[in-house]
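Enquirer: Next come a sequence and a model predicted from it.
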Amino acid sequence: MSLRTEQSAFQGMSGTVEYTVDHPEQSPAGWALVLHPHPLHGGTRDNKVVTTVARTCVQQGLLAIRPNFRGVGGSQGGFDRGVGETADMVACVEHVFQAWPQASAGPWILAGFSFGSAVAAQLYAELADRGLPLPARLMLIGCAVERFRYRPLAVPPHTLMIHGEQDEVVPLSEGMDFARAHQLPLTVVPDAGHFFHGKLLVLRQIVQQGLAGLRDAA
């Protein structure tokens, strides 16, 4: 499938934040916000886990938004351990609802990988606090939420957690602790490391299954 992409930007709390938009072939039935791993360790919107999730969303008819966190690429500002990044993503959600009205008329999903999972979980809680539209599905991949948590969470029961069995960055036990604390099921990919090398097809299939129930969760 050929993927049509374009570049755009919105105004974050510390300046311009750039993002990539991946378009479905038909008119979008909703949208997805996919958040990348740690900015100080090479994480960008072009990370393979991020692009795999985004492409899977596009194949399901969703418009996919992949921002670069502050300090990455052309995004202004510096690393803020999830606090400023979450504030920026609140602005991103508000921006998408204005800039992409057709896509935002449908359900949306929020996905984060590694550091991005921490931003995603706290973004969900921030949106709930502010009475803003909530995603129909929250996906936490290689969950590192507790490493960067700065606020109470409101993790929804429809959250999809995915973790590699052999994760060398965020041990599986850490993902299990989070799942246990929030009474969530956890999908474990056998033999997968943190970046799911050689397991991206399996990751894609799990995300596809998670998106299959999107309408039920909306």
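Expert: Sure, I can see it.
Enquirer: I'd like to know how far the residue nearest the centre of the chain sits from Ser173.
Expert: Residue closest to the average C-alpha location in the chain (Cα atoms, centre = their mean): Ala111, at 2.3 Å. Shown here: Ala111 relative to Ser173, a distance of 22 Å by Cβ to Cβ, to the nearest Å. The way it works is simple: take the backbone N, C-alpha and C, and place the C-beta from them, glycine included.
Enquirer: mind checking which helix or strand of the chain has the lowest mean pLDDT?
Expert: When each helix and strand of the chain is scored by mean pLDDT, DSSP states H and E, helix 214-217 comes last, with a mean of 54.
Enquirer: did I read that right, Asp177 in a helix?
Expert: Yes: per DSSP: H, G, I helix; E, B strand; the rest coil, Asp177 lies within a helix segment.
Enquirer: pLDDT value on it, please?
Expert: Looking at Asp177, its pLDDT stands at 98.
Enquirer: Not counting its neighbours along the chain, what's nearest it?
Expert: Glu146 (7.5 Å; Cβ to Cβ, 6 or more residues apart in numbering).
Enquirer: I figured the one you found hits Met176, correct?
Expert: No: counting by Cβ atoms under 8 Å, Glu146 does not reach Met176; the two are 11.9 Å apart.
Enquirer: For the residue nearest to Asp177, which residues are in contact?
Expert: Counting by Cβ atoms under 8 Å, 6 or more residues apart in numbering, Glu146 touches Ala118, Glu174, Asp177, Phe178.
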